[in-house]
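J.: Need coordinates for the below:
(one chain, ligands or ions: 1)
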Amino acid sequence: MKADPTEQQRLLDLAAEDVALTQLAHRRRNLPEVAAVEAAEEAEQTYAAEVIRTETAVRDLGREVTRLESDVETVRQREDKDQRLLDSGSVNAKQMTDLQHELDSLKRRQGDLEDQELELMQRLEDAEKAQAEAQQGLEKAKADLERVQQARGDAVADIADQMTRHEAARADVAGVVPPPLLSLYDRIRTQTGTTGAALLKARRCEGCRIELFGKELAAARNAAPDEVLRCDNCGRILVRTAESGL
Ligand SMILES: [Zn+2]
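T.: Model (predicted):
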């Protein structure tokens, strides 16, 4: 294939845009912001589960406290009733002894219940503290998630902006490259996955970084300026300039 050297050199501008677009696509696939969002989502889920767990614990302990308070109250009422009977003087000696025994046992029972209640109140207090901490953690995790989601959105939008600009620039260059040369370039680009042409700089293909020597170098030296050269190694169109070292 033959093409004017100026047209061949435009392929370097095209290649520069393709490199930029490839790098942007790579950046978009590997955004640290995406990993940050995933980590923040995980943290939020962990705290949300912790909030539910601690809320359940607080509710259960609260119910136990209520039940215990009601037990204490029942015992107290029974004590009051027995005490009133004793104080009334309307009971005989045997009944009095029985009542005294019952009162003693009720007092012990009340003491036990109050001990249990104290222990339970302590556990409830600890559970409430854990719940508050989990709630605080969840709020912070939510704020973190929102922040990293925003950062991810900004990064994605920034890449999209740059891609739009490079795509427009690429279209401008492609518009002035003769169609046969452009389609050859695009075919090679599909094969390499990046660019279809590279600068021959100091006898080295800048696409694959392999230096030309022997027959290949001689062929490049002897080729007419409008001859479209290809790198034997990577297949890219080799664009010659004053820097080519031929
Ligand atoms: Zn090459």
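
J.: Skip ahead from the least confident helix or strand in the chain by mean pLDDT and say which helix or strand is next.
T.: Using mean pLDDT, DSSP states H and E, the weakest-scoring helix or strand in the chain turns out to be helix 214-222, at a mean of 94. Sequence order places strand 229-230 as the next helix or strand after helix 214-222, per DSSP states H and E.

J.: Could you see whether the ion lies near the least confident helix or strand of the chain?
T.: No - Helix 214-222 lies out of reach of the ion by CB under 5 Å from the ion, never closer than 10.4 Å. To be clear about C-beta, it is placed using only N, CA and C from the backbone, and glycine gets the same treatment.

J.: Just give me how far that helix sits from the chain centre.
T.: Computed by CA atoms, centre = their mean, to the nearest Å, the chain-centroid distance of helix 214-222 equals 53 Å.

J.: go on, stretch 127-141?
T.: Stretch 127-141 sits 21 Å away from the centroid of its parent chain (CA atoms, centre = their mean).

J.: Show me which residues of this structure are close to the ion?
T.: C205, G207, C208, C231, N233, C234.

J.: Torsion angles phi and psi at the closest residue in space to the first one that isn't next to it in sequence?
T.: So the one you mean is C205. Spatial nearest neighbour of C205, excluding adjacent residues (CB to CB, 6 or more residues apart in numbering): C231 at 4.3 Å. Phi and psi for C231, reported as degrees, to the nearest 10, are phi -80, psi 130.

J.: Could I get the full set of helices for the protein?
T.: Applying DSSP state H to the chain gives helices spanning 5-29, 32-88, 93-175, 179-192, 214-222.

J.: any idea how far L113 is from the ion?
T.: Taking CB to the ion, to the nearest Å as the measure, L113 falls 88 Å from the ion.

J.: so that residue makes contact with L68?
T.: Yes - using CB atoms under 8 Å, L113 makes contact with L68 at a distance of 6.2 Å.

J.: Count residues in the vicinity of A242, would you?
T.: Counted with other CB atoms under 10 Å, the neighbours of A242 add up to 6.

J.: so which two of the residues of the chain next to the ion are the farthest from each other?
T.: G207 and N233 (8.5 Å; CB to CB).

J.: of the two, who's got more company?
T.: G207 (24 against 14).

J.: For the more buried one, which non-adjacent residue is closest in space?
T.: The shortest distance from G207 to any non-neighbouring residue, by CB to CB, 6+ apart, is to A198 (3.1 Å).

J.: confidence score at the one you found?
T.: At A198, the model reports a pLDDT of 98.

J.: Over to L246?
T.: Note on L246: pLDDT of 89.

J.: swap in R59?
T.: 97.

J.: With V91 instead?
T.: Per-residue confidence at V91 stands at 88 (pLDDT).

J.: excluding its backbone neighbours, what's nearest it?
T.: L85 (5.8 Å).

J.: And K140, how far from the ion?
T.: Distance of K140 to the ion, given as CB to the ion: 53 Å.

J.: Relative to I52, how far out is that residue?
T.: To I52, K140 is 17 Å away according to CB to CB, to the nearest Å.

J.: Likewise for A143?
T.: 19 Å.

J.: quick one, what contacts L31?
T.: R152, A155, V156, I159 (CB atoms under 8 Å, 6 or more residues apart in numbering).
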